[in-house]
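K.L.:
Dropping a prediction and its sequence here:
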Amino acid sequence: MSFSSSFGSVGSYYNQKLYFDHRADQEYTGGYWITDDQLREKLSNLIDTEEKIENASVYSNPLSSLQATNALLYHAFIVMKTNNWWWSIEKNSECITIQRAKNLESVRDKYQRTKRTTGLTPLTQIRENETTEGGNTTIRELINYIWRGDCLKDVYHILMENCQIFANLIFARINSPRNDQVYFDEAADQPPSSANSYYMNVDQVFNEVQRLSASENFTKLEIYKAPISSHYIPVPLEAENISSILKKISGYFSHHYFVIFETNEGTYWSFERFPTSFTIQRARNKQILLKECQRELRDTLLLQVNLEKSDVAKRQNMKAVLDFTWKEFEPEISYVPARNCDTTALQIYDKFKMNSFAAQKSWTNYFQ
């Protein structure tokens, strides 16, 4: 790897693509160039994305063969071990590269089938710097994480978006999965099961939603307004007893907004945002989603849940809502104040409602 190719200053030649060599230890038959839009689907067709990462390491090598040390100037990359393969993943001023092989040397010691740069002394050999267990992270979850973080679109920069920052980002995700817990209930109108775990990370939610909504297309969407129950408002521990009654009362004068989608399969999805998490629920009985949240009755003693807006929905599914929410919209899991729930609901509503002209054209085509 040349100095210029691995340490470009502002990413002038960065192509915003991922290069994937699926058998880096065999005779070269051509790799795959993958765009951000193709990332999840195309890689899923090429590999077993459910493979779990057993361990991962941060490696480094010098940028130039003339270096006597790589203490300051070095290229960083990740090497991962799964049950069947060795993998490497890295970013430079051209692209992000993923390599896969049956032997470690093909991905650790080579970059795109060329021997990695080493320097003048033993201090500038390819060096393993840090290692962690995989923490049950799957390849699919890692791909989703790269996609959600816009890693392909973030142009390489010598200071802000370089190989070391990217390697540290990937390593941190494997070493300590982000605390991005979502409450997800795929059958909110059915009796609870002891086997159900309602809180899961974003990657798991993506997988479950993709499985459940593959054949479901939206037909209608609505925004509802409900009272904010006191247990949705974070209260400092030391002030809990003093302010709980005041919070309860003030809750009746504040409102919580959430979206409900109806699908062509007779199912309903609710999507709502709370101070510390997102809640996604699915049911065949819409009334359950209006009356309950996280299997508790909504606090409607004084104020009822009211329909605010209703419209024809674009023919998409809940997976598209997740794509928009966790990438284009880029929300923070924790937010203050709680009224941000209305911003989330309105942006989702505006994104997935079908305008009147499009709706008319859609129904005209439907009946032709």
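P.N.:
Great, that's in hand.

K.L.:
What is the least confident helix or strand in the protein?
P.N.:
Lowest on mean pLDDT, DSSP states H and E among the helices and strands of the chain sits helix 3-6, with a mean of 38.

K.L.:
Distance check, W326 against Q38.
P.N.:
18 Å (C-beta to C-beta, to the nearest Å). Heads up, the C-betas are built off the backbone N, CA and C, glycines and all.

K.L.:
ditto for T29
P.N.:
In terms of C-beta to C-beta, T29 sits 19 Å off from Q38.

K.L.:
Strands along the stretch 101-250 of the chain, start to end?
P.N.:
With strands called from DSSP state E, counting those that start in this stretch, the stretch 101-250 of the chain shows them at 110-111, 114-115, 127-133, 181-185, 199-201, 218-227.

K.L.:
Give me the buried positions along stretch 274-292.
P.N.:
Going by neighbour count (16 or more other C-beta atoms under 10 Å), the buried part of stretch 274-292 is 274-275, 278-283, 286, 288-290, 292.

K.L.:
Just give me the closest of the residues you listed to L152.
P.N.:
Looking at these and their distance to L152, the nearest is F278, at 24.6 Å (C-beta to C-beta).

K.L.:
how much space between the closest residue to that closest one other than its chain neighbours and K327?
P.N.:
Leaving aside its chain neighbours, F278 sits nearest to V182 (4.9 Å; criterion: C-beta to C-beta, 6 or more residues apart in numbering). In this view, V182 and K327 are 15 Å apart by C-beta to C-beta.

K.L.:
Compare the two (neighbour count), which wins?
P.N.:
V182 (22 against 15; other C-beta atoms under 10 Å).

K.L.:
Tell me the confidence at that one?
P.N.:
Predicted confidence (pLDDT) for V182: 88.

K.L.:
And it, how far from C151?
P.N.:
Using C-beta to C-beta, we find V182 at a distance of 21 Å from C151.

K.L.:
Poorly predicted segments of the stretch 51-200 of the chain, please.
P.N.:
Within the stretch 51-200 of the chain, the segments meeting pLDDT under 70 span 177-180, 194-196.

K.L.:
need the helices for it, in chain order.
P.N.:
Here the stretch 51-200 of the chain has its helices, by DSSP state H, counting those that start in this stretch, at 105-108, 139-148, 163-175.

K.L.:
Provide the partner residues of T138 in its beta bridges.
P.N.:
For T138, the beta-bridge partners are K52 (DSSP bridges).

K.L.:
Now for it, how many residues are close by?
P.N.:
19.

K.L.:
Likewise for the one 3 residues further on?
P.N.:
Taking other C-beta under 10 Å as the criterion, the count of residues near E141 is 24.

K.L.:
That one contacts D203, correct?
P.N.:
Yes - applying C-beta atoms under 8 Å, one finds E141 in contact with D203, separated by 3.7 Å.

K.L.:
end-to-end on stretch 89-106?
P.N.:
End-to-end distance of stretch 89-106 (C-alpha to C-alpha, to the nearest Å): 13 Å.

K.L.:
buried set for stretch 305-319?
P.N.:
Under 16+ other C-beta under 10 Å, the buried positions of stretch 305-319 are V305, K309, D311, V312, A313, K314, Q316, N317, M318, K319.

K.L.:
what are the phi and psi angles of the last one?
P.N.:
The one in question is K319. phi -60, psi -40 (degrees, to the nearest 10).

K.L.:
Noted, bye for now.
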